[in-house]
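Asker: sequence-free structure coming up:
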């Protein structure tokens, strides 16, 4: 197993491997990826010495977070760093048969959800809690705001009161 150098995150005590695993494609963006394939990729990264994994609810509308959690849950939690994102909530589609598929633009996900922007206080807390559930974990180390460029447009429609 390669011994990747570690990098400190800002002024925190958190350190990540210089090489991390980004999981956007594991959610079925641009190419179809099964849960088993996604988990195998995460496991292969672990076996190669990668100890930083980045995911998001938007990646496969939940599929990537589920695969990451399932692949790494049994590993010692203090030996790896996980980041995910807030800014979108996943809302159930009225019918599971309406799930996005290969004919739905570039998305190949079979998860029956639609992402909805929500940068409100409650939306961020909900997104965080939902991610913990999908991951099946009790801790997320880094929480990013996803696609912050959409915040000004969203704020114009939102009620902040």
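Answerer: Sure, I can see it. None of the values given here were measured: they were computed from a predicted structure.
Asker: Ramachandran angles for the spatially most central residue of the chain?
Answerer: Geometric centre of the chain, nearest residue: residue 56, 2.0 Å, by Cα atoms, centre = their mean. With angles defined as degrees, to the nearest 10, residue 56 shows backbone torsions of phi -170, psi 150.
Asker: The residue lying closest to it once chain neighbours are set aside: what's it in contact with?
Answerer: With sequence-adjacent residues excluded and distances taken as Cβ to Cβ, 6 or more residues apart in numbering, residue 56 is closest to residue 85, at 4.0 Å. Every residue, glycine included, has its C-beta placed from N, CA and C. When contacts are counted by Cβ atoms under 8 Å, 6 or more residues apart in numbering, residue 85 is found next to 55-58, 127, 143-146.
Asker: again with residue 62
Answerer: 27, 90, 111, 113, 134.
Asker: Quick one: mean pLDDT for the helix ranked longest in the chain?
Answerer: As assigned by DSSP state H, the longest helix anywhere in the chain is helix 121-135. Mean per-residue pLDDT for helix 121-135: 96.
Asker: hmm, back to that, quick one: the residue nearest to the centre of the chain and residue 74, what's the gap?
Answerer: 22 Å (Cβ to Cβ, to the nearest Å).
Asker: what's the answer for residue 37, then?
Answerer: Using Cβ to Cβ, we find residue 37 at a distance of 19 Å from residue 74.
Asker: Comparing the two, which residue is more hemmed in?
Answerer: residue 37 (14 against 7; other Cβ atoms under 10 Å).
Asker: Distance check, that one against residue 141.
Answerer: Here the criterion is Cβ to Cβ. By it, residue 37 lies 25 Å from residue 141.
Asker: got it, and residue 71?
Answerer: For residue 71, the distance to residue 141 under the criterion Cβ to Cβ works out to 16 Å.
Asker: same question, residue 20
Answerer: Taking Cβ to Cβ as the criterion, residue 20 is separated from residue 141 by 12 Å.
Asker: picking that back up, ok, so of the contacts of residue 62, who is nearest residue 4?
Answerer: For the contacts of residue 62, the residue nearest residue 4 by Cβ to Cβ is residue 27; the value is 24.3 Å.
Asker: Which of the three states applies to the residue nearest to residue 56?
Answerer: Put simply, residue 85 is strand when judged by DSSP: H, G, I helix; E, B strand; the rest coil.
Asker: per-residue pLDDT, it?
Answerer: Per-residue confidence at residue 85 stands at 97 (pLDDT).
Asker: Make JSON lines from the contacts of residue 85 and add secondary structure and distance to residue 67 to it.
Answerer: Putting those into JSON lines (DSSP: H, G, I helix; E, B strand; the rest coil; distance: Cβ to Cβ, whole Å) gives the following:
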{"residue": "55", "secondary structure": "coil", "distance to residue 67": "8"}
{"residue": "56", "secondary structure": "coil", "distance to residue 67": "12"}
{"residue": "57", "secondary structure": "coil", "distance to residue 67": "13"}
{"residue": "58", "secondary structure": "coil", "distance to residue 67": "14"}
{"residue": "127", "secondary structure": "helix", "distance to residue 67": "18"}
{"residue": "143", "secondary structure": "strand", "distance to residue 67": "19"}
{"residue": "144", "secondary structure": "strand", "distance to residue 67": "19"}
{"residue": "145", "secondary structure": "strand", "distance to residue 67": "23"}
{"residue": "146", "secondary structure": "coil", "distance to residue 67": "18"}
